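Participant: Task: produce atomic coordinates for the following.
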Amino acid sequence: MAEPLHPTPRPRLRWRKLLMFGIGAALLGSLAAWYGIQTLAGWRWDAMKSRLEALRVQSRSRSPSRPALYGSMHPGNAWEDYALILKQAEPLLSETEGLMYYADGHPKGDPAKVRNFLSSHSDLIRALSAATHRESATFPESWEADARQASFDKKLNLPSSAGRASAKATMAEGSYRPAVEMLLDQLVYARDVCHNAPRLRASSGLGQYRRALTDLKDLVTSPGVPVDVLIDLDEALERADASFPDPRLVMERDLIEDGDLLTSANVSPDGLTLQGLLHWRYMFSWRVLVADAFQHIDAWSLRISNAYSRSGAELARVMNDVDRECAESHNVVAPELMPIHGIFRSSLRVRAQLHLLRVATHYLGKGQIAKLDDPFGDSLRFREHGNRLSIWSIGPDGVDQGGLGSWSEGQDIVLEVERH
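Facilitator: Residues are numbered from 1 along each chain as shown. Prediction:
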């Protein structure tokens, strides 16, 4: 059978239809991808906010109580008394430097001027002692904004400088027990400033703690301190060690503040002055980038905190690892808000000094050598020559130099005492 001369043409998809189909498929794919990214971003964002809320609850639940280093405790919040003391200190801030010079034994210290100040403001020293014997010390949340200002740090230093100067003047008169008690008050005050505090306030309090320990070291190494005073001080320092400021709480507060910054409505890539475009790893989503940064900071903080509870050597290794990982991170936000772990190094040094002082005081009071941990290693080293004892910590480099160093500088942290 012959074919038709004019066959019916076969139906064809025209190119316009193919184009419209491709565009539609691309739009549907983009919409699905956008929805998936938004879902993931929302899930990670909510997880970050939940973690932040858990950290806030944990931070607020910290016990504000601490033991009495001497005497008995009384009901009340120490910070209510400190508030009155700091208000009293405001017009006296210009005296801080002179008081500190005198307490540090600096040539610029004017003993006559300091004695006049202490005579005129003896109520400040008594009020500080009473405050340090309160049962608890809860920092007012309403003060947190003002506490980040440099002026607040100056106010905190005035009572510390006045107390140290008063202790030195009292010791010069041969009244060792009152001088010791004034310096123990300084340890409690410094601990309260540090406790559960953001980094700036914690650093200030740790500096006060270190200076008070140095004053106590100068006192116990001077001749003429009664044995009963040394024995009581030994017991007080053991209690101080049990309530030593914990730098892990400082890192926790830093993490909360970083999270609050990242989740605030005002934060944007420009708000953190970051360089470069959002990386494809985070699907070009600001929220995914920020949530990932917070997860990194949280994990780094946890690793550092866990290492601190094990040993100084482990802490140093972990901090170096975190520094390296932070430098190599593809997340541009994380390095901006990485854990600042200088407070841990400072804390280990101050605690090593506290342990050295405990061993020295125990030796001078009871003639026995107490075996205490070295925050930078396993245990403190010592060497006895007759009635002379050298005690040292291996220090931040983790290497025992055989006691080469001093209390404040050198490779090892060293204290030498002699029984009379």
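Participant: Count the neighbours of Phe139 for me.
Facilitator: By the measure other CB atoms under 10 Å, the count of residues near Phe139 is 20. Bear in mind the C-beta positions are built from the backbone N, C-alpha and C, glycine included.
Participant: Touching, it and Ala202? I think so.
Facilitator: No. Contact criterion CB atoms under 8 Å: Phe139 and Ala202 do not qualify, at 11.0 Å.
Participant: so what pLDDT did the closest residue to Pro198 other than its chain neighbours get?
Facilitator: Nearest residue to Pro198 in three dimensions, chain neighbours excluded: Arg253, at 4.9 Å (CB to CB, 6 or more residues apart in numbering). Note for Arg253: predicted pLDDT of 88.
Participant: Output the contacting helices and strands for the strand or helix carrying Arg253.
Facilitator: In the assignment (DSSP states H and E), Arg253 maps to helix 247-263. Helix 247-263 sits against helix 15-60, helix 199-220, helix 286-308, helix 342-366, with contacts defined as 3 or more CB pairs under 8 Å, 6 or more residues apart in numbering; DSSP states H and E.
Participant: can you list these in TSV and add mean pLDDT?
Facilitator: Putting the helices and strands packed on helix 247-263 into TSV (pLDDT from 0 to 100) gives the following:
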stretch	mean pLDDT
helix 15-60	73
helix 199-220	93
helix 286-308	85
helix 342-366	93
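Participant: Tell me which of those helices sits nearest to Pro91.
Facilitator: helix 199-220 (20.5 Å; CB to CB).
Participant: Give me the residues contacting stretch 87-98.
Facilitator: 108-110, 113-114, 117, 121, 124, 127, 154-155, 157-159, 161-162 (CB atoms under 8 Å, 6 or more residues apart in numbering).
Participant: Most widely separated two among these?
Facilitator: Distance extremes for the contacts of stretch 87-98: the farthest pair is Lys108 and Ala127 at 27.3 Å, using CB to CB.
Participant: Look at the two and report which has more neighbours.
Facilitator: Ala127 (17 against 10).
Participant: re the thing from before, in the helix holding Arg253, what counts as buried?
Facilitator: Burial within helix 247-263, assessed by neighbour count using 16 or more other CB atoms under 10 Å, is assigned to 247-256, 258-259, 261-263.
Participant: How about stretch 314-325, which residues are buried there?
Facilitator: Leu315, Ala316, Val318, Met319, Val322, Glu325.
Participant: now, among the residues you listed, which is nearest to Ile413?
Facilitator: The nearest one, if we look at those relative to Ile413 and count by CB to CB, is Ala316, at 14.9 Å.
Participant: shouldn't the residue nearest to Pro198 be in contact with His195?
Facilitator: No. Counting by CB under 8 Å, Arg253 does not reach His195; the two are 10.5 Å apart.
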